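K.L.:
Task: produce atomic coordinates for the following.
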Amino acid sequence: IYHSIAKGNEQYANWLHENGFSLEGKQFRLFSFSNLLVDNIGIDTKKGRLLLQSDEAFLQISFLPERSTEEFIKGVFSEQVFAIGDVHSRVQFTVMQVQALPMAEFNGELRGRTLSPMCLSTKTDEGKLHYYAPNEELAGQTIVTNLIRKYEAFYQQKYTGSTEFEWKCLSEPKSKLLTMKVGTLQQTKVKAYHCNFLLKADNRLLRIAYECGLGEKNSMGFGMMEKIKNF
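P.N.:
Here you go, the predicted structure:
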């Protein structure tokens, strides 16, 4: 994704990657993306690889900053290729179509489902990371606090709206233990969850959730969601 943005504007891509939108020393890139959507897929369990067995794949990407969207689209069309992978394997796709989805409207609530697993964590008194399941008691407050911080980082001003919220996990959460930065010194495991949910909150926070994802590590492929009417 950064590579495609760089093809549109290298200076902006470097700034987004190295700095992003910051708040109290924390950096936010303010975009998220879905799991790769493929009709026919296999798994190499020994090597931990996905085996793409279809000619087409789909990927949804959502940016909060309009400039990120513009530069990404320019970059995609300048090369018309999009590579996905890591240090061990990489697939290069030819971009056949880029489609802009309609803007969502909110009326104080957002019903949705995750398109990439949602990561929520906090440090324990012992300094270890505890990963919340979305149906745990403190999950909702963790989500809303994170949305407020994203709002303040993006707009560079204090959030003064309502902090009242309601969070409901509407399906049994499905956990995933994912290995990040495989084969590097920074390799680590992250626990995240898929679920259907209902979030009631200020519309400004709902927009942040919809456009840049729920929870943390959004720019690494966590927390992308879609709005749905019924489950």
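K.L.:
What are the structural domain limits within the protein?
P.N.:
2-94, 109-227 (automatic domain parsing).
K.L.:
which one of these is the most hemmed in?
P.N.:
domain 109-227 (a mean of 17; mean count of other Cβ atoms under 10 Å). Where you see a C-beta, it was placed from the backbone N, CA and C, and this is true even at glycine.
K.L.:
I'd like the mean pLDDT over that domain, please.
P.N.:
What domain 109-227 shows for mean pLDDT is 95.
K.L.:
do you know which of the domains of the chain lies nearest residue 103?
P.N.:
Nearest to residue 103 among the domains of the chain is domain 109-227 (9.1 Å), distances taken as Cβ to Cβ.
K.L.:
Tell me the span between the first and last residue of the closest one.
P.N.:
In domain 109-227, first residue to last residue: 10 Å (Cα to Cα, to the nearest Å).
K.L.:
ok now that domain, how far from the chain's centre?
P.N.:
9 Å (Cα atoms, centre = their mean, to the nearest Å).
K.L.:
Same question for stretch 86-105.
P.N.:
Taking Cα atoms, centre = their mean, one finds the center of stretch 86-105 at 14 Å from the center of the full chain.
K.L.:
end-to-end on that stretch?
P.N.:
End-to-end for stretch 86-105, by Cα to Cα: 36 Å.
K.L.:
ok, now stretch 44-61?
P.N.:
26 Å.
K.L.:
Then stretch 152-168?
P.N.:
Stretch 152-168: ends 25 Å apart by Cα to Cα.
K.L.:
same check, this time on stretch 19-29
P.N.:
First-to-last residue span, stretch 19-29, Cα to Cα: 8 Å.
K.L.:
next one: stretch 127-139
P.N.:
Start-to-end span of stretch 127-139 (Cα to Cα) is 19 Å.
K.L.:
just to revisit the earlier point, make a markdown table from the domains of the chain and add distance to residue 103 to it.
P.N.:
Formatted as a markdown table, these follow (distance: least, Cβ to Cβ, whole Å):
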| stretch | distance to residue 103 |
| --- | --- |
| domain 2-94 | 11 |
| domain 109-227 | 9 |
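K.L.:
Those: which one's closest to residue 101?
P.N.:
Closest among those, using Cβ to Cβ: domain 2-94, at 7.7 Å.
K.L.:
Give me the mean pLDDT for that closest one.
P.N.:
Domain 2-94 shows a mean pLDDT of 84.
K.L.:
So what would you say the end-to-end distance of that domain is?
P.N.:
Domain 2-94 has an end-to-end distance of 17 Å (Cα to Cα).
K.L.:
Give the next helix or strand downstream of the lengthiest helix in the chain.
P.N.:
Counting residues, the longest helix found in the chain (DSSP state H) is helix 139-155. Toward the C-terminus, helix 139-155 is succeeded by strand 166-169 as the next helix or strand (DSSP states H and E).
K.L.:
next helix or strand past that next one?
P.N.:
Toward the C-terminus from strand 166-169 - assigned by DSSP H and E - lies strand 174-180.
K.L.:
neighbouring contacts of that following strand?
P.N.:
Here strand 174-180 makes contact (Cβ atoms under 8 Å, 6 or more residues apart in numbering) with 48, 117, 133, 186-195, 220.
K.L.:
Adjacent strands (with direction) for that strand?
P.N.:
Strand 174-180 pairs in its sheet with strand 188-194 (antiparallel), by DSSP bridges.
K.L.:
Compute the inter-axis angle for the partner strand and helix 139-155.
P.N.:
Put simply, strand 188-194 runs at 110 degrees to helix 139-155, going by axes from the mean of the first three to the mean of the last three Cα atoms, to 10 degrees.
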